[in-house]
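[1] Fold the following, please.
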Amino acid sequence: MRTTILVGVCLLLAVSAVRADSLNCRLVGTYGVPVGYPTDVAVADSLAYVAAAHGGLRIVSLTEPQNPTEVGFFDAMANAIGVAVRDSIAYVAGHAAGVFLVNVADPRNPTLAGQRGTPAVAPRVAVKDTFLYVTNRDAGLRVLSVANPVSPYEVGFCDTLAFYEDVAVKDTIACVSGALQSLFLTINVANPASPTLAGYCALPSSGQGLSVSGSYAYVTAGDMLIIDVIDPTDPQEVGRYASPSYSADVLVVGDFAYVAGGYAGLRVVDVSNPQQPQEVGYYDTPGYSNGVALAGDYVCVTEDPVGLRVFQFYGAGVEERRSTPDASRITPGASIVRGVLRLAIDGCRMSNAELLDISGRSVMPLESGANDVSRLAPGVYFVHSPVSAAIRKIVVGD
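    Model (predicted):
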């Protein structure tokens, strides 16, 4: 006797994007920047701060990840290309205008707290304690005191004739990617008034984004490189992830590197073994992905020319989730299905439901009513829709 499974599905949320090639990642929501083009992103307290070039700083609520919504903006700078956030201040790299300190205590009404010019173009910033570290292209690394956001001032700099692009600070070491000279540099900032070059190593291509976690730095330079910085005087490449496109940015949290992969979209790389990084997820979008940040379980990626994409990464496989109110309305019915998977509608229209295998790959679209699963190999599968955060497990029997 053939057994069927009844799954009630109610889909109330929609995402205005077509599903692209993916693995273990799904697109949850999209925010379209109204003006400018997105370059960098930082996240704090369920808000995404998007540096949108001549569109200024855009502040986007992630309270509903399926519907990221702009709540405020600050555009009194010519070009916002980098951003970091701490407490109630957004630190914005303003290209040729230096850095802007924006008070975002009220995200609906951000105001200028302070501003400081720099000798050259400022593409990225990092904040630690009461100091702001600013890459300044051909004018080196500038260190500013931001103890008083209203009156930031320079306390020191390190100019090694490199072309500085991005910066990340851990303990007393600032790690810097160099663009034109294709270098990775470590700078001792134990004394912020007198930062000094500690060490460097060559990169295979122009250095772009970077992240530091533990004793390793992760640098996008075409591919993503993993550099051992336990001895900052002698940084050494120990591993490399071959990106399908020229990668622009990276953020490492735990065992995973989240890579803004340029024209390859979001790439997720397992770096638990730094010598052998392995791609475990991706979502390829049509635009150019160039900035990445995390918001809890969600990955935020700036995509030119669209704006901000919000993704969810399931890890190296799929797990059942009840992350939205809609999920509570899904009842799995029988635990094993043979031959036919039946989906019923609980008073609302189904849209874009699909069946995933254990790795997170889509194996077939699902429709309202009977779905023939007789050709599938026996095993565990998951019913979900790209427009809902609900995931429910079924077992296909033989």
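[2] Got the domain ranges for this protein?
    4-9+319-396, 25-313 (automatic domain parsing).
[3] any idea how far the residue positioned nearest the centre of the chain is from Phe256?
    Closest residue to the average C-alpha location of the chain: Val292 at 2.7 Å, with C-alpha atoms, centre = their mean. Distance from Val292 to Phe256, counting by C-beta to C-beta, to the nearest Å: 11 Å. Yep, even glycine has a C-beta here, placed from its N, CA and C like the rest.
[4] for Asp75, same thing?
    Counting by C-beta to C-beta, the gap from Asp75 to Phe256 is 34 Å.
[5] Between the two, which is the more surrounded one?
    The residue with more neighbours, out of Asp75 and Phe256, is Phe256; 22 against 15, by other C-beta atoms under 10 Å.
[6] Skipping its backbone neighbours, what lies nearest that one in space?
    Val268 (5.8 Å; C-beta to C-beta, 6 or more residues apart in numbering).
[7] Quick check: bridge partners of the one you found?
    Under the criterion DSSP bridges, Val268 forms beta bridges with Tyr258, Gly281.
[8] Correct me if wrong: it contacts Gly254.
    No - Val268 is beyond contact range of Gly254, at 11.5 Å (criterion: C-beta atoms under 8 Å).
[9] Quick check on those two: which one has the bigger neighbour count.
    The residue with more neighbours, out of Val268 and Gly254, is Val268; 24 against 9, by other C-beta under 10 Å.
[10] Quick one: residues contacting that one.
    Asn24, Cys25, Phe256, Ala257, Tyr258, Val259, Glu279, Val280, Gly281, Tyr282, Val299, Phe313 (C-beta atoms under 8 Å, 6 or more residues apart in numbering).
[11] so the last one touches Gly281, yeah?
    Right, the one you point to is Phe313. Yes - Phe313 lies in contact with Gly281 (C-beta under 8 Å); the separation is 5.2 Å.
[12] Find residues that contact each of those two.
    Asn24, Cys25, Val268.
[13] Pull up the gap between Val229 and Arg58, please.
    For Val229, the distance to Arg58 - C-beta to C-beta - is 33 Å.
[14] How many residues are close by Thr196?
    Neighbour tally, Thr196, other C-beta under 10 Å: 12.
[15] nope, Asp231 is what I meant
    12.
[16] do the one 10 residues further on as well
    Counted with other C-beta under 10 Å, the neighbours of Tyr241 add up to 23.
[17] quick revisit: shouldn't the residue nearest to the centre of the chain be in contact with Asp40?
    No - look at Val292 against Asp40 with C-beta under 8 Å: they stay out of range, at 9.1 Å.
[18] what sits in contact with each of those two?
    Joint contacts of Val292 and Asp40 (C-beta under 8 Å, 6+ apart) are Asp249, Thr302.
[19] Packed most tightly, which of the domains of the chain would that be?
    domain 25-313 (a mean of 21; mean count of other C-beta atoms under 10 Å).
[20] Report the separation between Leu47 and Phe311.
    From Leu47 to Phe311 the distance is 17 Å (C-beta to C-beta).
[21] show me where pLDDT drops low in the protein?
    1-20, 315-335, 344-352, 358-360, 385-391 (pLDDT under 70).
[22] Could you rerun that using 90?
    Within the chain, the segments meeting pLDDT under 90 span 1-24, 78, 138, 160-163, 178-181, 285, 296-297, 314-371, 373-398.
[23] As a check, name the ranges of all helices in it.
    With helices called from DSSP state H, the chain shows none.
[24] Specify the beta-bridge partners of the nearest residue to Asn109 once chain neighbours are set aside.
    Computed as C-beta to C-beta, 6+ apart, the closest residue to Asn109 that is not its neighbour in sequence is Gly72, at 6.3 Å. Note on Gly72: beta-bridge partners by DSSP bridges are Ile59.
[25] List the contacts of Gly72.
    Gly72 is in contact with Ile59, Val104, Asp106, Pro107, Arg108, Asn109, Pro110, counting by C-beta under 8 Å, 6+ apart.
[26] Mind doing that once more with 7 Å?
    Ile59, Pro107, Arg108, Asn109, Pro110 (C-beta atoms under 7 Å, 6 or more residues apart in numbering).
[27] Now do the residue lying closest to the last one once chain neighbours are set aside against Val268, distance only.
    The spatial neighbour of Pro110 that comes closest, neighbours along the chain excluded (C-beta to C-beta, 6+ apart), is Phe74 at 4.2 Å. In this structure, Phe74 and Val268 are separated by 31 Å, where distance is defined by C-beta to C-beta.
[28] And Gly262, how close does it get to Ser206?
    Distance from Gly262 to Ser206, by C-beta to C-beta: 12 Å.
[29] now Phe184
    From Phe184 to Ser206 the distance is 11 Å (C-beta to C-beta).
[30] In CSV, list the contacts of Val268 along with distance to Val134.
    Output for those, formatted as CSV (distance: C-beta to C-beta, whole Å):
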residue, distance to Val134
Asn24, 36
Cys25, 33
Phe256, 28
Ala257, 24
Tyr258, 24
Val259, 24
Glu279, 33
Val280, 34
Gly281, 33
Tyr282, 32
Val299, 26
Phe313, 31
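[31] Considering these, which is situated nearest to Asp372?
    Of all those, Asp372 sits closest to Asn24, with 25.6 Å by C-beta to C-beta.
[32] what's the neighbour count on that closest one?
    Neighbours of Asn24 using other C-beta under 10 Å come to 21.
[33] My guess is it contacts Gly281. True?
    Yes - Asn24 is within contact range of Gly281, at 3.6 Å (criterion: C-beta atoms under 7 Å).
[34] list residues touching both of the two?
    Joint contacts of Asn24 and Gly281 (C-beta under 7 Å, 6+ apart) are Val268, Phe313.
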